[in-house]
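Participant: predicted model follows, preceded by the sequence.
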Amino acid sequence: MSIATPISSIASLPPERAHRATNHVGMILTLVSFSMMFMGLFYSYGLLRIRAVAWPPPGVPEAPVLVPSIITVLMFGSSMALEAARKKLAANQVDGFRRLAMVAIVLGTLFIGLQATVWVELWDAGLTLAIGPYASIFYFLTIFHALHVLAGLGILLWMYVSAPRACHPEIRASKAQMASMFWHFVGAVWLVIFSLVYVF
């Protein structure tokens, strides 16, 4: 159901479908607002990069590529596991859903852990905030994203517990869909950050 669906139309739906439609619209609005925040950060990053004589600036520790590449694969694998979990839930295979949802959660947790090792490595190598705008935008972008990943992990845990307990298939599917929409969003944002910060 599109975001433009009149409220009266949603109200006329059966309770379970109305619940799902309302959640869907709410999540879309949430993700749009988060997208605007990230777009502002990407714009700031691009502006700093265009104005810089060299990027990264001379003497700045070089950002690693191997670990960020690994965590990119982990994030992709987590999204794939989550989609497989949703299919199991739709087929009423709760045990399979729980196994695959836990895989998604574990991979997301590994993402955060390995990202933290990148921060520590670069900080120890001298990439501190005293260096200037490059370090500031690097840490702000990656930490701001990591906070969204942590929020996403909380949502996945909520889904893991509450979705199988839902009394109606529509509500069960709605919980899984809301979690997957947010999780795929943070995955897509990470691909942009990885490309901007570590690759190009």
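Facilitator: It's in. Computed from a prediction, not measured in an experiment: that's the story for all the values here.

Participant: ranges for the helices of the protein?
Facilitator: 7-11, 15-51, 66-90, 94-124, 133-162, 169-193 (DSSP state H).

Participant: got the buried residues for the last one?
Facilitator: For helix 169-193, the buried set under the neighbour-count rule, 16 or more other Cβ atoms under 10 Å, comprises 170-187, 189-190, 192-193. C-betas here are computed from N, CA, C, even on glycine.

Participant: now do that helix, average pLDDT.
Facilitator: Averaging pLDDT along helix 169-193 yields 92.

Participant: any weak-confidence spans in this protein?
Facilitator: 1-21 (pLDDT under 70).

Participant: how near is Gln196 to Val25?
Facilitator: Check again: residue 196 is Leu, not Gln. 30 Å (Cβ to Cβ, to the nearest Å).

Participant: wait, Thr128
Facilitator: 43 Å.

Participant: the more surrounded of those two?
Facilitator: For Thr128 and Val25, the more surrounded residue by other Cβ atoms under 10 Å is Val25, and the numbers stand at 17 against 14.

Participant: what sits against Trp107?
Facilitator: Just to correct that, residue 107 is Leu rather than Trp. Neighbouring residues of Leu107 by Cβ atoms under 8 Å, 6 or more residues apart in numbering: Leu74, Met75, Gly77, Ser78, Ala81.

Participant: which non-adjacent residue is nearest the second one?
Facilitator: Pointing back at Met75 there. Gly187 (4.8 Å; Cβ to Cβ, 6 or more residues apart in numbering).

Participant: roughly how far apart are the one you found and Glu83?
Facilitator: 11 Å.

Participant: Ala146 now?
Facilitator: Ala146 is 23 Å from Glu83, by Cβ to Cβ.

Participant: could you do Ala101 as well?
Facilitator: From Ala101 across to Glu83, the span is 11 Å (Cβ to Cβ).

Participant: quick one: distance of stretch 92-99 to the chain centre.
Facilitator: 23 Å (Cα atoms, centre = their mean, to the nearest Å).

Participant: next: stretch 145-164.
Facilitator: 10 Å.
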